[in-house]
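S.K.: Okay, sequence plus prediction incoming.
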Amino acid sequence: MELRPDATIQRKPPATEEQLRYARLLRLLMRTGLVMLVVTYAAYMTGFLSPRIPVQDLSRYWSLPVNEYLAATGLKPGWSWVQFIGTGDYINFVGVAFLAAATIWCYAAILPIFLRKKDYIYAAIAALEIIVLLAAASGILQTGGH
Amino acid sequence: MLSILRMLLSLLNRRFLKQSAIMLLQLLFCLFILDSASAADPSGAEAATSSDMPWWAWPLILFVVTFFLGIVAVLGGVGGGVLYVPIVGGFFPFHLDFVRGAGLLVALAGALAAGPGLLRKGMADIRLALPVALIASTAAIAGALVGLALPTNVVQTALGASILGIVVIMMMAKKSEFPEVKKADALSTALRIHGVYHEVSTGHTVNWKIHRTPHGLALFILIGVMAGMFGLGAGWANVPVLNLLMGAPLKVSVSTSKFLLSITDTSAAWIYINGGAVLPLMVVPSIVGIMLGSMVGVRILTRTKPASIRLIVIGILFFAGSRSLLKGLGIWN
């Protein structure tokens, strides 16, 4: 392998303060989210919590397009699943949403570091990313379906 | 858990790998026969949705298939999502909307799991990832919205065509360990995108910088749209753009791409979650299966010939992509 002329002998690999903070928080959130997924799924599969849609009936719905599935099961898009959080199937969304929110928390954690370092361009990029992800998570961006 | 993993690993060797690939293909063939049989049933659409198999068999089969996909994906150097969506979409009874939602969550979980290690070691570069992620994640939202609005056959056809395109990219694309970047461009200089990368094999640390940043960012719009529309992780596209076009070292490109997926797929995943296109019954076995498979795959990576496994992956993708294309066109239902 040929190294470029600007290759230098340095021993310490770089990991900036913001990378380390992001990594630490992400690891914690990832592990917590995975445990939540497995535990809630076990509660669903074992029947510990009764599902809103009986598992035996699911095969009638899972090959439908999503808009027909929602109509057939009487569900609404967005955060409406929260009202069914006590049921075996919808409690699984807690772990899914937790994992999907992990990146937002990580960005929020590194934003102050960029501000402290007066790295305003990256602070703005991080803030914009938080806004984009929050917009996606909010449920305000929806499609009319097929 | 670790002892079970060690026990599994002790059983693994090259012969096992070949058997795994053959088993995976046999499993896909059986699924195809089942799927075709139920679809051909004249008693109507509802019959097509519910085969004679008990409901619990599908998540179980999904777990087994995704476990093998996890192994094959790691050994073939691709993300799980790019294998998951065409295979599960082509051979399982679940609608493509749910498959894409699950595919994004599978890719997201894998990227979230890999992210901390890559960042801590300085392999993934946050300054390179953040501007790219902002563009790709915004585009992924648009892709997801369009993908959920388009008719299924159009998405299925486009997915098939894209997968076959990925096959071509995988066969043609070259890699460059340390691309030559004579001068960083103005945008990457302004954003201070550069770094030092420690190559363990040589003990050297290489200073790197990038060029053609505006072109690269423009391509990430397309990559983001495709990731959101088809529910694919986009490592197959991220790496060539970061490495060959923008000039980041290969390992930095691969690592940053993996980290990038955790951001791009997050935005698209929320659109699918909020759109109702997430079925817990299939999501959890898929995530757990592919993650366990990936863990096993990483452990046996050193004992395999990547080139031969890569050929198997290309073969599987070609088969699944053709199936998706022909299914979308109504030729092979």
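M.R.: Looks like it arrived, so ask away. Everything numeric here is computed off the predicted structure, so don't read it as measured data. Numbers count the residues shown, from 1 in each chain, chains lettered A, B, ... in the order given.
S.K.: Outside of the helix or strand B:Leu187 falls within itself, list whatever touches it.
M.R.: Assigned by DSSP states H and E, B:Leu187 belongs to helix B:186-190. With Cβ atoms under 8 Å, 6 or more residues apart in numbering or on different chains as the test, helix B:186-190 has contacts from A:Ile121, B:His194, B:Lys209, B:Ile210, B:His211, B:Thr213, B:Pro214, B:Leu217, B:Met246. Glycine gets a C-beta too; all of them are placed from N, C-alpha and C.
S.K.: For stretch B:136-143, which residues meet the burial criterion?
M.R.: Buried positions in stretch B:136-143, judged by neighbour count with 16 or more other Cβ atoms under 10 Å in any protein chain shown: B:Ala136, B:Ser137, B:Thr138, B:Ala139, B:Ala140, B:Ile141, B:Ala142, B:Gly143.
S.K.: what sits against the closest residue to the second one other than its chain neighbours?
M.R.: Ranked by Cβ to Cβ, 6 or more residues apart in numbering or on different chains and with sequence neighbours excluded, the top spatial neighbour of B:Ser137 is B:Ser267, at 3.9 Å. Shown in contact with B:Ser267 (Cβ under 8 Å, 6+ apart): A:Val132, A:Leu133, A:Ala136, B:Ser137, B:Thr138, B:Ala140, B:Ile141, B:Ala144, B:Gly228.
S.K.: Would you format these as CSV with pLDDT included?
M.R.: Shown next, in CSV, are these (pLDDT from 0 to 100):
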residue, pLDDT
A:Val132, 96
A:Leu133, 96
A:Ala136, 94
B:Ser137, 95
B:Thr138, 96
B:Ala140, 94
B:Ile141, 95
B:Ala144, 93
B:Gly228, 91
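S.K.: In helices, which of the residues you listed fall?
M.R.: Using DSSP state H, the subset of those located in helices is A:Val132, A:Leu133, A:Ala136, B:Ser137, B:Thr138, B:Ala140, B:Ile141, B:Ala144, B:Gly228.
S.K.: Kindly reformat these as TSV containing distance to B:Val78.
M.R.: Converted to TSV, those look like this (distance: Cβ to Cβ, whole Å):
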residue	distance to B:Val78
A:Val132	26
A:Leu133	25
A:Ala136	25
B:Ser137	21
B:Thr138	25
B:Ala140	18
B:Ile141	24
B:Ala144	21
B:Gly228	18
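S.K.: quick one: which of those is nearest to A:Ser80?
M.R.: When these are compared for distance to A:Ser80 (Cβ to Cβ), A:Ala136 wins out at 16.8 Å.
S.K.: give the contact list for the closest one.
M.R.: Residues in contact with A:Ala136 (Cβ under 8 Å, 6+ apart) are B:Ser137, B:Ile141, B:Thr266, B:Ser267, B:Ala268, B:Trp270, B:Ile271, B:Asn274.
S.K.: quick one: it and B:Leu104, what's the gap?
M.R.: 12 Å (Cβ to Cβ, to the nearest Å).
S.K.: Chain B: strands as residue ranges?
M.R.: Counting by DSSP state E, one finds strands in chain B at the ranges B:194-199, B:204-209.
S.K.: Least confident of these, on average?
M.R.: Between the strands of chain B, the one with the least mean pLDDT is strand B:194-199; it has a mean of 82.
S.K.: Neighbouring strands - and their directions - for that strand?
M.R.: Here strand B:194-199 is paired, per DSSP bridges, with strand B:204-209 (antiparallel).
S.K.: Give the buried residues for the strand it pairs with.
M.R.: Neighbour-count burial for strand B:204-209, counted by 16+ other Cβ under 10 Å, picks out B:His204, B:Thr205, B:Val206, B:Trp208, B:Lys209.
S.K.: What of stretch A:80-90?
M.R.: For stretch A:80-90, by 16+ other Cβ under 10 Å, it's A:Trp81, A:Phe84, A:Thr87, A:Gly88, A:Asp89, A:Tyr90.
S.K.: for those residues, which one is nearest A:Gly74?
M.R.: Once Cβ to Cβ is applied, the member of the buried residues of stretch A:80-90 that ends up nearest A:Gly74 is A:Phe84, at 10.5 Å.
S.K.: so which pair among the buried residues of stretch A:80-90 is furthest apart in space?
M.R.: A:Trp81 and A:Gly88 (12.7 Å).
S.K.: mind listing what B:Met123 touches?
M.R.: B:Tyr197, B:Lys251, B:Val252, B:Ser255, B:Thr256.
S.K.: Tell me the one of the buried residues of stretch B:136-143 nearest A:Leu20?
M.R.: B:Ser137 (22.5 Å).
S.K.: Surely the closest one and B:Val225 touch.
M.R.: No: with contact defined as Cβ atoms under 8 Å, B:Ser137 does not count as touching B:Val225 (11.2 Å).
S.K.: coming back round to it: from the contacts of A:Ala136, which land in helices?
M.R.: B:Ser137, B:Ile141, B:Thr266, B:Ser267, B:Ala268, B:Trp270, B:Ile271, B:Asn274.
S.K.: who touches the residue of chain A at minimum distance from chain B in this structure?
M.R.: When scored by Cβ to the nearest Cβ, chain A has A:Asn92 as its residue closest to chain B, at 3.5 Å. With Cβ under 8 Å, 6+ apart as the criterion, the residues that contact A:Asn92 are A:Leu37, A:Thr40, A:Tyr41, A:Tyr44, B:Pro280, B:Val283, B:Val284.
S.K.: Following the chain onward from whatever helix or strand the second one lives in, which element is next?
M.R.: Read that as A:Thr40. Using DSSP H and E, A:Thr40 maps to helix A:17-45. With elements assigned by DSSP H and E, the helix or strand that comes after helix A:17-45 is helix A:55-58.
S.K.: Buried residues, that following helix. List them.
M.R.: A:Val55, A:Leu58.
S.K.: got it, and stretch B:183-192?
M.R.: B:Ala184, B:Asp185, B:Leu187, B:Ser188, B:Leu191.
S.K.: how far away is the third one from B:Gly216?
M.R.: Taking Cβ to Cβ as the measure, B:Leu187 falls 10 Å from B:Gly216.
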